[in-house]
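>>> pasting the sequence and the predicted coordinates here, then a few questions.
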Amino acid sequence: MPAAAAATGPQKALAKLGLARDIDLALHLPLRYEDETRVTQLRDAREGDTAQIEAVVTACEVVYRPRRQLMVTVDDGTDTCVLRFFSFYPSQQKALAVGTKLRLRGELKGGFLGWQMVHPSFKPAAGDLPTALTPVYPTVAGLPQAYLRKAVQSGVARADLSDTFPPGITEALKPLVWPLREALQFLHHPTPDVSLATLEDRSHPAWQRLKAEELLAQQLSQQESKRERDALRSPALTTRAGGLHEQLLAALPFQLTRAQRRVGEEIASDLAREVPMHRLLQGDVGSGKTVVAALAAAIAIDAGRQCALMAPTEILAEQHFRKLIGWLEPLLAPQGLRVAWLTGSQRKKERTEMLALVASGEAALVVGTHAVIQEHVQFQKLALAVIDEQHRFGVAQRLALRQKMHEEGQEPHMLMMSATPIPRTLAMSYYADLDVSTIDELPPGRTPVVTKLIADSRRDEVVERIRAQVAQGRQVYWVCPLIEESEALDLTNATATHAALSEALPGVMVGLLHSRMPVAEKKAVMQLFVGGQMGVLVSTTVIEVGVDVPNASLMVIEHAERFGLSQLHQLRGRVGRGAAASACILMYSPGESGKVGETARARLKAMMDTADGFEIARRDLEIRGPGEFLGSRQSGAPLLRFADLQTDTALLDWARELAPRMLDEHPELARRHTARWLGGKSEFLKA
Ligand code: ADP
Ligand code: MG
């Protein structure tokens, strides 16, 4: 390879690891360490030890039995050891010439022939032994450890590691927290007397410092974005006696639950302020979030403004649309106002009509998919945006919403709804800038769903159950994980299941819904199911979000072991919405090993143990870590690398408390701190 290309290879690999700045290199911490500070005498060695020895080569030959290998014998004065190399270069053979004194490192195996090492690392025994443990860094192909070690070392030397913690601030945490420079130097090259356990579980004071730094950076950036947003303005929306809000309440066919009333009041008091609302409404599946959103919309409309409601899929948007039309249109019509519908798949003529309604302000409420915030949609007087299943909406969409306001520095009030509750620790750290309202109560009259775990081999029994349910006039969902047998995964395909069920259930209408169907077809299928004509709906996970058919009493989930926990929970929430006794059957098929994997088992067990969405979310966090909860923020969001939200709660509390004070009293330090830790990435947290 030409020298120039060789020089850029590792550079490229560094970039791939995101190690661009000196500080990035300094913060690239070892995976583990090797102890090269000591030399073990073969006499004292134990079987299985990874040891460093110093020994002289007494024999070196290529042998061909049992297979070609370089066999080297060394002697350290206390015993001998055989080294075996199954692949080797002539240059290595030369470096292992008889008489050479080597420093060797590898795993010692005892045996019939005495000590052996297979492919040990070796170099000539020269110079002093190192005094610190040798770091082993996470790396990628094309980036040798030795190169990376040098790069990190010079990164540590060059980076500005001056303290950014405000003076006096670490007092509370002493003696937990070391200065940053010392902490980093130590973690890259710990002294051999350190307890490796404290490095592994990250309880060592040097680790505490890094975690404190990281959490502080994260809290600072959250606080900053909150402040930026607080500087924005929204129209203040107040309710009026006898207004639309009251009328809607009176018209509803049910009483609100206590929890719905409480969150409704929280939202109403946010809307009455000029500071943009930025609130997450979380509530388990079926807890009744839609009506709370409708009541918020009523407040906005009553104040003479427009409200936009967005859902991640067209089917879900349509469900909302029907519901909202049913509730609101009779009240809006006398005022000459309407509910508009906007989606990507709409016919041009209808779309043009709807856009005109939105632009003139005649559409007081606009329901739809992402199409609602596309560029050419002009609102006359938008004031409230409701976003269902917010984790599917990204930063870009939020910024687009801001563009819909007529005045600079304005933002619509935002209400995000989610059935996946954010665990408290995550809410406190990643969503520090978000207010949270929780519906912690289901409407009355729901029957608990019985959950059953059944092996795929007992499919016939499941079909019998379906038959019985349908015979009683009930409806059934059957969910499959993928729609085609491609992707090298041997998943039962929804199409085949649909065919098999149709055959097994003569006289029952069995429908099929999958994500690659044309929208019109999807709608037609949904309408038959919602209308009750269709007894069984086979679908891929498109029904995951928000379908509401109270007559459905059985949910069968095929290959349940392949679904995520919150997905399973959401799917189960599709039944048990009416008064009928309902069940959820989790069908699993053991893989080739004959067993269901460990995490899959943990998920299925959680489903059997509890129906409480919060408990589910807590276990989910345990099983898969915080990454996936963050949804769209995940991409680009600097997830915590060092701190752990589960165990580092004391440090998290400390950082939360300090961040606002630091912004007020030491803005320059705060700026340096976030720049050091988040670099360009902090923008992702700001929207
Ligand atoms: P989710 O929170 O999962 O979005 P929905 O808003 O779809 O739940 O509500 C689930 C069902 O419960 C809907 O049919 C809705 O009309 C009904 N519902 C909502 N609130 C109440 C209530 N207080 N009493 C009875 N039924 C309610
Ligand atoms: Mg919903």
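Thanks, I have it. Ligands and ions are numbered 1, 2, ... in the order given.

>>> near ligand 1, which residues of this protein are found?
Taking CB under 6 Å from any ligand atom as the criterion, the neighbours of ligand 1 within the chain are 254-257, 260, 283, 285-291, 419, 443, 546, 548, 577. C-beta here means a position set from N, CA and C on the backbone, and glycine is covered the same way.

>>> switch the cut-off to 8 Å
Within the chain, the positions near ligand 1 by CB under 8 Å from any ligand atom are 252-257, 260, 283-293, 319, 323, 388, 417, 419, 439, 443-445, 546, 548, 550, 573, 577.

>>> can you turn the buried part of those into a ChimeraX selection?
Filtering the residues of the chain next to ligand 1 down to the buried ones (16 or more other CB atoms under 10 Å) takes a single ChimeraX command:
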select :256,257,260,283,284,285,286,287,288,289,290,291,292,293,319,323,388,417,419,439,443,546,548,573,577
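
>>> tell me which helix or strand residue 454 sits in.
Element membership for residue 454, per DSSP states H and E: strand 449-455.

>>> partners of that strand in the sheet?
Using DSSP bridges, strand 449-455 pairs in its sheet with strand 582-588 (parallel).

>>> ok so, going back, mind listing what's buried in the strand holding residue 454?
Within strand 449-455, the residues that count as buried by 16+ other CB under 10 Å are 449, 451, 453-454.

>>> closest to ligand 1 among these?
Lowest distance from ligand 1 to the buried residues of strand 449-455 (CB to the nearest ligand atom) belongs to residue 449, with 13.9 Å.

>>> surely that closest one and residue 585 touch.
No - counting by CB atoms under 8 Å, residue 449 does not reach residue 585; the two are 10.5 Å apart.

>>> what is in contact with the two at once?
residue 555 (CB atoms under 8 Å, 6 or more residues apart in numbering).

>>> then the strand holding residue 454 to PDB, C-alphas only?
Extracted as PDB, the C-alpha positions of strand 449-455 are listed here (Å, rounded to 0.1, in the frame of the first residue of the first chain):
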ATOM      1  CA  VAL A 449     -57.600  -8.700  29.500                       C
ATOM      2  CA  VAL A 450     -56.500 -12.300  30.200                       C
ATOM      3  CA  THR A 451     -53.100 -13.000  28.700                       C
ATOM      4  CA  LYS A 452     -52.100 -16.500  27.600                       C
ATOM      5  CA  LEU A 453     -48.800 -17.800  26.300                       C
ATOM      6  CA  ILE A 454     -49.200 -20.600  23.800                       C
ATOM      7  CA  ALA A 455     -46.600 -22.400  21.700                       C
END
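
>>> what is the subsequent helix or strand relative to it?
Scanning forward in sequence from strand 449-455 by DSSP H and E, the next helix or strand is helix 459-471.

>>> low-confidence bits of the protein, can you list those?
Counting by pLDDT under 70, the chain shows low-confidence ranges at 1-8, 170-176, 390-396, 423-433, 482-492, 541-546, 592-593, 624-639, 680-687.

>>> list the buried residues in stretch 338-353.
Applying 16+ other CB under 10 Å to stretch 338-353 flags 338-343, 346, 351 as buried.

>>> ok, stretch 327-338 next?
Applying 16+ other CB under 10 Å to stretch 327-338 flags 327-328, 331-332, 337-338 as buried.

>>> for residue 584, give its distance to ligand 1.
The gap separating residue 584 from ligand 1 is 16 Å, by CB to the nearest ligand atom, to the nearest Å.

>>> ok, back up a step: ok, the buried residues of stretch 327-338 vs ligand 1, which is closest?
Comparing those against ligand 1 with CB to the nearest ligand atom picks out residue 327 as the nearest, at 9.0 Å.

>>> which residue sits closest to that closest one, ignoring its sequence neighbours?
residue 294 (5.6 Å; CB to CB, 6 or more residues apart in numbering).

>>> remind me, longest helix of the chain?
Looking across the chain with DSSP state H, the single longest helix is helix 205-230.

>>> which SS class is the residue in the stretch 451-600 of the chain positioned nearest to ligand 1?
In the stretch 451-600 of the chain, no residue comes nearer to ligand 1 than residue 548, which is 4.6 Å away by CB to the nearest ligand atom. Three-state call for residue 548 (DSSP: H, G, I helix; E, B strand; the rest coil): coil.

>>> hang on, the earlier thing: gap between whatever helix or strand comes next after the longest helix of the chain and the chain center?
On the C-terminal side of helix 205-230, the nearest following helix or strand under DSSP H and E is helix 244-251. Its chain's C-alpha centre and that of helix 244-251 lie 38 Å apart, by CA atoms, centre = their mean, to the nearest Å.

>>> CA-only coordinates of helix 244-251 in PDB, if you can.
Below are the C-alpha coordinates for helix 244-251, written out as PDB (Å, rounded to 0.1, in the frame of the first residue of the first chain):
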ATOM      1  CA  LEU A 244     -67.400  25.300  22.800                       C
ATOM      2  CA  HIS A 245     -65.500  23.600  25.600                       C
ATOM      3  CA  GLU A 246     -68.600  23.400  27.800                       C
ATOM      4  CA  GLN A 247     -70.800  22.500  24.900                       C
ATOM      5  CA  LEU A 248     -68.500  19.600  23.900                       C
ATOM      6  CA  LEU A 249     -68.400  18.300  27.500                       C
ATOM      7  CA  ALA A 250     -72.200  18.400  27.700                       C
ATOM      8  CA  ALA A 251     -72.500  16.500  24.300                       C
END
